[in-house]
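A.B. asks: let me see the structure of the following:
(chains A and B)
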Amino acid sequence: MELLQAREIVKHYAGHTALDHVTVTVPENSIYGLLGPNGAGKTTLIRIINRITAPDEGELLFEGRPMQGDDIAHIGYLPEERGLYKKMKVGEQALYLAQLKGLSRQEALKRLKYWFEKFEIISWWNKKVEELSKGMQQKVQFIVTVVHQPRLLIFDEPFTGFDPINTQMLKEEILRLRDEGSTIIFSTHDMGSVEELCDHITLIDRAHTLLEGPVDKIREQYASNEYELRFEGDVNLLTATLNTHFQILSHAKEGPNSIVRIRLSDGATPNEALRFLLDAGKILSFNKITPSMNEIFIRVVKEAAERETDQEKETA
Amino acid sequence: MNKTALIIKREYLTRVRKKSFIILTLLTPLLMAAMVVIPVVIMTSGNKEVKRIAVVEQEGDLFRHTFHSTQYLKFDYLGNVSVDSLKRNFDKMGYYGLLVLTPKVSYIPSAAILFSKKQPPLEVVSYIENALEKEIEKRKLLSYNIRDLDKILKQVETNVKLQTIQITDSGEEKKTSTGVAMAIAYIGGLLIYMLTFMFGAMVMRGVIEEKTNRIVEVLISSVKPMQLMAGKIIGIALVGLTQFLLWIILTLVLVTGVTQLFLAPQAEKIAPPPESLFSSAPQASGTAASPSDLDLSRLLSGNEVFEALASVNWPLILGSFLLYFLGGYLLYASLFAAIGAAVDNETDTQQFMMPITIPLLIALFIAMGAFQNPDSPIAFWGSIIPFTSPVVMMARLPYGVPMWQLALSLALLYLTFVGTIWVAARIYRTGILMYGKKVSWKELWKWLRYRNY
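C.D. replies: Numbering: from 1, shown residues only, chains lettered A, B, ... in the order given. I've put the predicted structure just below:
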């Protein structure tokens, strides 16, 4: 079941269209990646989901019914540009923001204490925000985002500004939150984290959806029947012989080992190819090559750009 | 707890706890008290130094006995001596100034000349003028050969001090003092002007702070922009009211303290001594000092002032002040909030500040005129039109304003506030999420028409 659906969202700003009939369906209890180059419309979409701005067309469904103003109490939002009141004390500020999300003072205090202890930052409670480092502020901000246990969490570029240790901690927290029942939308440029975390993705570019679906299916879809073989032996033996099962794309040597990339011919199975390859030498590994999200991202965005320039040429 | 209330609480507490707030709250009453006390102190202590003036009279000795030395002013009648050398040396001889007279003075007003190294104070000039005028008048009268002229002159000498009594609608008679009315008008108008600016700008800075901090996006995902803006404006209004209340209390404490300790003996000193410069100058001619100074010295000089102060309709004045402060503040603060939302930092505010600053400045100018002429058409319209009415009406009020004008002006003020808050809210909710863009007026107009929650 989907927790949130944004249907056919259109948003125009003076002079340009930020979103053009974009549909996003976020299944409950999943991690949903919102990908796209800078200026694609991700932040606009996130703001619309957060009810910060209104769409010109389209509708938002929350748990299957039209979203209402009160539903934002179920959302936790960590904006890309993070900020806190610099002159305010950390604890006081966290308490204030938690109360704005609808928690009672006592409840907020209890939960904040839990999180501050967990992140080992309880000693900062009476410090002013301006005394903290940027990474420390990020931690406080993360706590403030999740403290009211929202059903939907929205992180806009959550990993920028974190060191590797904190990034790892944050990733673990995100996964744990999902396992505890939260649904998470996050936008990012970091394709590595997409593969690591996301169950579903949407790729938005220039106001349009280019790609949508579960991550493994998308990677499957973009896999192009290519395999990589590592073995001890001579490549020339392979290149010299002709076969109908595959075609060699590239080969390289790595010490005593050879690495060969092949593409299967239409109708050929990997087993048939492997049977043929067995004679080449001592096999170390035989892998299907699935494109990384990074490759898919670049490829899809490039193709879209080319299509657009083609169309422009035609209309011209 | 209601979210707007939470915002109000934060806005209020963070500001009231600031050191600058506490210092300003304590310091301002001191400055106010100083404003009242210092002119008096200056007037009494500024002329302690004795000024000696050499009097030279060419052709004749009409004015030999004209100038009587006072406590701080000594005259040496030198008769007909050469002016040229004196002109060069009078200061070395210990004279403050050199007064050169000719008999022509009786028909050519400018024939009397006072040479001095420094610009002579008004009191000195008017004392000399006054003495000369009296002497010449006496001479002219003498030429008619009236018998017992001295006696007659003594009998004619009069001294009038106009008492003003206001008759209220209920027929009650009240002793008033124009000076007191003027002081209240002046302080009321100026205070509204300053407070509107001060707290309006505070709202603007608060909005800019949230924008540059980037915290606004977090806030806006929890509360509506209108709640955020209203919370800020109301929170700061409460800061203003708190400060105002503390000022009144502290000023009252200070003024009563000071009047009892210091001003009572001082006031006695000013009035009686007949040879003092101040006792003779204001009575004889009105040129001696600026009216406000005069009124201040009178204001402090005895029971009549306290009587006049007591006659002021304080509930009306203070009540109106509160209503106008709130109305004017809300009107301008909503516009200030819109400006804060439209820009990225405080230096960019200039182009939008102009249209806000100008009506307020105009209001101040009209108010200045209203002290002199509270019922002139310009003062009337200024006190009705919402953008100037808070300042101008406060300046008119102590002189008495018909109830219908007050009601009309207040109604218009609060109606306009509803309009400005509507406009401001629309600019605000779009502006707070816009970054890195120089906003033009045209852009603002577009924002007014964006669809939004």
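
A.B. asks: shaky segments in the stretch 301-450 of chain B?
C.D. replies: Along the stretch 301-450 of chain B, the model assigns pLDDT under 70 to residues B:301-310, B:436-437, B:450.

A.B. asks: ranges for the strands of it?
C.D. replies: Here the stretch 301-450 of chain B has no strands by DSSP state E, counting those that start in this stretch.

A.B. asks: return the residues of it in contact with chain A.
C.D. replies: Residues of the stretch 301-450 of chain B lying near chain A by C-beta under 8 Å from any C-beta of the partner chain: B:Leu433, B:Tyr435, B:Glu443, B:Lys446. Quick note: C-beta positions are derived from backbone N, CA and C, even for glycine.

A.B. asks: okay, now the domains of the chain?
C.D. replies: In the absence of a named chain, this looks at chain A. Per automatic domain parsing, the domain ranges recorded for chain A read A:2-220, A:224-288.

A.B. asks: let's do chain B instead
C.D. replies: If you go by automatic domain parsing, chain B breaks into B:3-40+B:180-448, B:51-140.

A.B. asks: how far is the last one from where the chain is centred?
C.D. replies: Put plainly, it is domain B:51-140. Using C-alpha atoms, centre = their mean, to the nearest Å, the mean C-alpha position of domain B:51-140 is found 36 Å from that of the whole chain.

A.B. asks: repeat for stretch B:402-409
C.D. replies: Averaging C-alpha positions (C-alpha atoms, centre = their mean) puts stretch B:402-409 24 Å from its chain's average.

A.B. asks: which residues sit in contact with the closest residue to chain B within the stretch 101-250 of chain A?
C.D. replies: The minimum distance from the stretch 101-250 of chain A to chain B, using C-beta to the nearest C-beta, falls at A:Lys101 (5.3 Å). Contact analysis of A:Lys101 by C-beta atoms under 8 Å, 6 or more residues apart in numbering or on different chains lists A:Ala73, A:Gly76, A:Val147, A:His148, A:Pro150, B:Ser222.

A.B. asks: restrict the residues you listed to the buried ones and give me that as a ChimeraX selection.
C.D. replies: In ChimeraX, this line selects whichever of the contacts of A:Lys101 come out buried by 16 or more other C-beta atoms under 10 Å in any protein chain shown:
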select /A:76,147,148,150 /B:222
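
A.B. asks: would TSV of the contacts of A:Lys101 with distance to A:Thr183 be doable?
C.D. replies: Listed next are these as TSV, based on distance: C-beta to C-beta, whole Å:
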residue	distance to A:Thr183
A:Ala73	15
A:Gly76	11
A:Val147	17
A:His148	15
A:Pro150	9
B:Ser222	19
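
A.B. asks: list just the nearest of the contacts of A:Lys101 to A:Arg206.
C.D. replies: Among the contacts of A:Lys101, A:Gly76 lies closest to A:Arg206 (C-beta to C-beta), at 28.7 Å.

A.B. asks: my guess is that closest one is in a strand, correct?
C.D. replies: Yes. Secondary structure of A:Gly76 (DSSP: H, G, I helix; E, B strand; the rest coil): part of a strand.

A.B. asks: center of the chain, which residue is that?
C.D. replies: Because you didn't say which chain, this covers chain A. When C-alpha atoms, centre = their mean is applied to chain A, the residue found nearest the centroid is A:Gly33 (3.2 Å).

A.B. asks: actually, chain B is the one I wanted.
C.D. replies: Closest to where the C-alpha atoms of chain B average out (C-alpha atoms, centre = their mean) is B:Tyr186, at 4.5 Å.

A.B. asks: grab the nearest non-local neighbour of that one.
C.D. replies: The shortest distance from B:Tyr186 to any non-neighbouring residue, by C-beta to C-beta, 6 or more residues apart in numbering or on different chains, is to B:Phe371 (6.2 Å).

A.B. asks: which residues touch the one you found?
C.D. replies: Counting by C-beta under 8 Å, 6+ apart, B:Phe371 touches B:Met182, B:Ala185, B:Tyr186, B:Ala395.

A.B. asks: and the residue of chain B found nearest chain A, backbone torsions?
C.D. replies: Residue of chain B nearest chain A, by C-beta to the nearest C-beta: B:Arg214 (3.1 Å). Note on B:Arg214: backbone dihedrals following degrees, to the nearest 10 are phi 70, psi 20.

A.B. asks: so it sits right up against A:Glu81, yeah?
C.D. replies: Yes. Between B:Arg214 and A:Glu81 there is a contact at 4.1 Å, judged by C-beta atoms under 8 Å.
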